[in-house]
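Q: what follows is a predicted protein model with its sequence.
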Amino acid sequence: MASDNDEIYERRIECLRPRLQQIIKADEVLPHLQLESGRKEQITQKLNTEGYKSAADLLISVVVEKPHKDGWFRAFVDALSNGGNAHAADYLQLNLPDPEVEAENDYYVQLIQLFSPSLQDMKTEEVSTQCLAQRLLTNADQEKILAEKTNHGNKRGATELLSRIVKCRPGWFSEFREILRVTEHKHLYELIGGSPECKKPSKCLTFLCSWRAQLLKESCQSEEPMEISDLSGCPAAEAAGATGGDPKEISLRDYQMEVARPALEGENIIICLPTGSGKTRVAVYITQKHLDSRRAEGKPGKVVVLVNKIPLVEQHFSTEFSSLKLKYKVERVSGDSELKISFANIVERNDIIICTAQILENYLERASSGEDEGVKLSDLTLIIIDECHHTQKGEVYNHIMMRYLKQKHKNKRLIKEQKQPVPLPQILGLTASPGVGGAKTLNKAEEHILRICANLDVTKIMTGKNLKWALIVFLPKHHHQDPFGCVVKTIMTAIHEHARLFPTCDLGSQNYEQWAVQKEREAAKDGDQTVRVCAEYLRRYNEGLILSNTIRMCDALSFLNKFHEEQIKKKTSQDEQNIEITETERFLFNLFKDKKEELEKLAKDPTYENDSLSKLRTKILQEFSSRQEARGIIFTKTRHSAMSLSQWIEENPKFADIGVKPSYFIGGGDQSDTKPMTAAEQKDVLKRFKTGELNLLIATTVAEEGLDIKACNFVIRYGHVTNEIAMIQSQGRGRAEDSTYTVVDVKNSGVAEKEYVNEYREKMMNKAIQKIKKYDQSVYNKQITEFQIQAIMEERVRQANQKKKAVKDENPSAVKFSCRNCTKYICSGEDIKIIENMHRVNVTPQFRNLFIQRENVSLQERRLDYETNGVIACSGCGQTWGSMMLYRGIELPCLHVKNFVVDINTKKYSNCTRWIDLPVKFPDFDYIEHASLMAQGSDDEDTEWP
């Protein structure tokens, strides 16, 4: 007769089954167990055909079968201990790791799984020997690993090693990483060693703690690594609140529930709510209800959350959607993830996928072109599009939705033909403002919004109450005296005379910059080196003028100094190779040198500082002096001005006295000369701002959209205004009741006028939305259908033109590249090879003799398969050509097309900024062939590429 203890043990094992399935190595346990005849063979067969998890599941079922022999539970625990499954034995004896340790271990297991394709390249025998010495593996483990390696190759052996090592007790990860280091797997060591520390959401840790306490009380536990949702079947877990789907966990306010209601009924809608009013929270609620309802109906659910900025991926994953991790599998993927795993596989294995839109578009394209590893729209049941006002021509959101619209209209035909239509996902768009698209009339604004609705195939646009703002605009009286600017203009005038240039726009304006860029391109195309170099210098001096009107004169001088130092550095070579300095370049060097002392003297005189900076100082002091806890954002135009303003505030003791703690917050792209912020740096600044360690952000437009920035009580736009969407979003950053929104005008910026225009457009947009909401549904549907058909036809025309263009793709031999500065012929398109459909390299011996290499700290960049740590430049004139990249252990010169004049069949192009602008398909780089040539041509280890 079964004892009470037997029942407790059975419940314990059943509750622990998901966890035990993951960590038991059944083949090592079987020799230590006495089972009925044929049972061991069944488990072994299951292991060989379905893998460890299924074998472990069958083993558990066999062990808990009744009737039990005396001491059956103890025998199972001993078999686990003696068979190299100490971690599983610990769980059965309730020797549980701390929740934080357990969560961290689950993270490391997932990390190994994600990077397993790269880790399979390890030297399996060497690593397994070290793991055996460190007792991470048993002798039986190593025998199995080496057998797999011998019979099926190194990768299979490595896979076997990884599958066994993750079943060890917590603490194995650091030892395994160290083993990779000592066995000279530097790349793999850095790959997993540089990953972020495990930071599970506090809600998850709270759950684990309460669950563990309940478990000890009932002697019952159930948890599956990385799949906490599977705990829902365990009484202990349910008592601890692990169901994760309890509506009380996500509650909406009345206005939020109102805008969510159509989506909860399955309709496609746009939710238009001001920044800070909980759009994302509504989306999380809709996601939960969507998945809950499909699960209740026995149907699969798959939600993809699309964002247009990489930082938003991590933000949504770790904050907004973290509450759903207790019940559903949530994963995030972005360009920064560098995951060596198929996105299609991630979609298949998870319920909620948060990713940048381009990744989904890439895999939709793979599916449409017949590739195996693609994703189809029919695989998804709900797509959430954040900042959906970007669903317009040319935007990646629109490319995705165009696929949707085409299938929708194909489905109509299929239904008429009494064929099964292809299922399409529900669409949910989120935005603070759809904008008016530059419309000047209400009808055009209405049409713009309707087209966005048509592109998203929504039946309704749901809005809440609009926030009212008091716009404060400072219009400084600009000094008539600007001696610093006068000196800069004197330099520019001298350059005009030297190059015989005659600008028709004001110096220090945006129009002048556009004029200078155009002149530089024309001169590069014509081979006029004098005008090209002068135009480049004029553009920089114009930027210096703009900076002196925006920030301090010393900051503008510092910018000009840095530019000149870089130009002089271009004319110096590390190997003392002579680089030609032209007469024009010597003139430009001396011109700045002659005026530098005068500029330095003026920059130190506070008498001539610009009025805008004075007004900004007054406003910041006012905000921090009048509020008990001030927290604000200053929006500015450029990265350089954001960094300089932050430095200005830090260096001013008046700000420190009233507790101002500033930091700049800028973008992560490389389109600017200023070094970008990494995603980790952005995340750190936002975290410090949230905790109060910082209380003032000086940001570029990267902070306008989407990012979850702690509620502010003042927002300042300093000399930079774009459109009504940006205005609404930046206003929304001030979420406290007593928030203020201020615009500070800057000389030649015209921001005051632009902001008044934006206010007018915002009112027009709200009127247009209300007018659309009053449409009869049939009228609305007809208009939407017309716009969709028009969009589909336009897309067909575009694709047809693309095909014609593709047919006209030039042969690489017809393309010639010349140095943008000295016009020297560099190479033919036949010499160019492409890596990962991204990097263009030239590995010919002739090319090696044409450039010099120099260090550039700001360029340093690391990826999984390559890194860049220097620039290559023309050996004749010093013009930068690109970067030297280290790709899989080989140094390769990577060219940037913007640094060249391109000749295609004798027609010259100087405005190519991206390789995609060229109608040329270059062949792929053959790594094996090149590596073999290097090996044949070298007798030592320090081989340089030929």
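A: Yep, it's here. The shown structure was predicted, so the numbers you read here are calculated from the model rather than taken from an experiment.
Q: by mean pLDDT, flag the weakest helix or strand of this protein.
A: The least trusted helix or strand in the chain, going by mean pLDDT, DSSP states H and E, turns out to be helix 235-239, with a mean of 29.
Q: following element in sequence after it, please.
A: Sequence-wise, the next helix or strand downstream of helix 235-239 (DSSP states H and E) is helix 254-264.
Q: could you list the residues in contact with that next one?
A: Residues outside helix 254-264 that contact it (CB atoms under 8 Å, 6 or more residues apart in numbering): 252, 269, 271, 273, 277-278, 281-282, 285-286, 289, 426, 428, 459-460, 462-465. Where C-beta positions appear, they are placed from N, C-alpha and C, glycine not excepted.
Q: buried set for that helix?
A: For helix 254-264, burial by neighbour count (16 or more other CB atoms under 10 Å) applies to 255-256, 259-260, 262-263.
Q: who's in contact with whatever helix or strand comes next after that helix?
A: Sequence-wise, the next helix or strand downstream of helix 254-264 (DSSP H and E) is strand 269-272. For strand 269-272, contacts defined as CB under 8 Å, 6+ apart pick out 259-260, 262-263, 279, 282-283, 388, 427-434, 452-453, 456, 458-464, 769.
Q: avg pLDDT for the helix or strand following strand 269-272?
A: Proceeding C-terminally, strand 269-272 gives way to helix 279-296 as the next helix or strand, assigned by DSSP H and E. Across helix 279-296, pLDDT averages out at 92.
Q: could you do stretch 739-754 as well?
A: For stretch 739-754, the mean pLDDT works out to 71.
Q: same check on stretch 306-318?
A: In this model, stretch 306-318 has an average pLDDT of 83.
Q: CA atoms of that stretch as PDB?
A: What follows is stretch 306-318, C-alpha atoms only, in PDB (Å, rounded to 0.1, in the frame of the first residue of the first chain):
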ATOM      1  CA  LEU A 306       7.600  46.200 -34.700                       C
ATOM      2  CA  VAL A 307       9.600  49.200 -33.700                       C
ATOM      3  CA  ASN A 308      11.700  51.600 -35.800                       C
ATOM      4  CA  LYS A 309      14.600  52.100 -33.400                       C
ATOM      5  CA  ILE A 310      17.000  49.600 -31.900                       C
ATOM      6  CA  PRO A 311      16.800  50.900 -28.300                       C
ATOM      7  CA  LEU A 312      13.000  50.400 -28.300                       C
ATOM      8  CA  VAL A 313      13.500  46.700 -28.800                       C
ATOM      9  CA  GLU A 314      15.200  46.300 -25.400                       C
ATOM     10  CA  GLN A 315      12.900  48.800 -23.800                       C
ATOM     11  CA  HIS A 316       9.700  46.900 -24.800                       C
ATOM     12  CA  PHE A 317      11.300  43.600 -23.900                       C
ATOM     13  CA  SER A 318      12.600  44.500 -20.400                       C
END
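Q: got phi/psi on the residue nearest to the spatial centre of the chain?
A: Nearest to the mean C-alpha position of the chain, counting by CA atoms, centre = their mean, stands I310 at 2.1 Å. Here is the backbone geometry of I310 (degrees, to the nearest 10): phi -60, psi -40.
Q: and it, how close does it get to L324?
A: Distance, I310 to L324, using CB to CB, to the nearest Å: 21 Å.
Q: R639 now?
A: From R639 to L324 the distance is 35 Å (CB to CB).
Q: L850 now?
A: Look at L850 and L324: by CB to CB, they are 56 Å apart.
Q: next: K144.
A: Counting by CB to CB, the gap from K144 to L324 is 38 Å.
Q: ok, now A55?
A: 31 Å.
Q: likewise D379?
A: As judged by CB to CB, D379 and L324 stand 19 Å apart.
Q: confirm that L136 sits in a helix.
A: No - with DSSP: H, G, I helix; E, B strand; the rest coil as the criterion, L136 is located in coil rather than a helix.
Q: next up, phi/psi of it, please.
A: Dihedral angles for L136 - degrees, to the nearest 10 - are phi -80, psi -20.
Q: who's more crowded, L850 and L324?
A: L324 (23 against 19; other CB atoms under 10 Å).
Q: I872: which element?
A: strand 866-874.
Q: look at G278 and say how many residues are nearby.
A: Neighbour tally, G278, other CB under 10 Å: 19.
Q: any idea how far the spatially closest residue to it that is not a sequence neighbour is from I452?
A: The shortest distance from G278 to any non-neighbouring residue, by CB to CB, 6 or more residues apart in numbering, is to Q256 (5.4 Å). For Q256, the distance to I452 equals 22 Å [CB to CB].
Q: do P483 as well
A: If you go by CB to CB, the gap between P483 and I452 works out to 50 Å.
Q: secondary structure class of V347, three-state.
A: Classification of V347 using three-state DSSP returns helix.
Q: please renumber the chain so that the first residue is 49 from this point on.
A: Let's use 49 as the start, then, which means that last one is V395.
Q: could you check the pLDDT of it?
A: At V395 the predicted local confidence, pLDDT, stands at 92.
Q: and it, how far from V950?
A: 39 Å.
Q: phi and psi next, for L476.
A: Given degrees, to the nearest 10, the pair of backbone angles that L476 has is phi -130, psi 110.
Q: can you name the residues bridging to it?
A: For L476, the beta-bridge partners under DSSP bridges are I317, I432.
Q: run through the residues that contact it.
A: By CB under 8 Å, 6+ apart, the neighbours of L476 are 311, 316-317, 319, 331, 334, 430-433.
Q: do L228 as well
A: The contact partners of L228, by CB under 8 Å, 6+ apart, come to 170, 175, 236-237, 240.
Q: now swap in T892 and tell me
A: 875, 879.
Q: the contacts of L476 into CSV, with extra columns for distance to F637?
A: Below are the contacts of L476 laid out as CSV (distance: CB to CB, whole Å):
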residue, distance to F637
A311, 63
N316, 62
I317, 61
I319, 58
A331, 57
I334, 62
L430, 61
I431, 56
I432, 55
I433, 52
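Q: show me which of the residues you listed is closest to E84.
A: Among the contacts of L476, L430 lies closest to E84 (CB to CB), at 48.3 Å.
Q: what's the neighbour count on that closest one?
A: The number of residues packed near L430 is 23, by other CB under 10 Å.
Q: dihedrals phi and psi, it?
A: Torsion angles at L430 (phi, psi; degrees, to the nearest 10) stand at phi -150, psi 130.
Q: surely it touches Q474?
A: Yes - L430 is in contact with Q474 according to CB atoms under 8 Å; the separation is 4.7 Å.
Q: shared neighbours of these two, anything?
A: H338.
Q: and for the helix or strand containing H235, what are the contacting residues?
A: Element membership of H235, judged by DSSP H and E, is helix 234-241. The contact list for helix 234-241, computed with CB under 8 Å, 6+ apart, reads 159-160, 163, 166-167, 169-170, 225, 228-229, 912.
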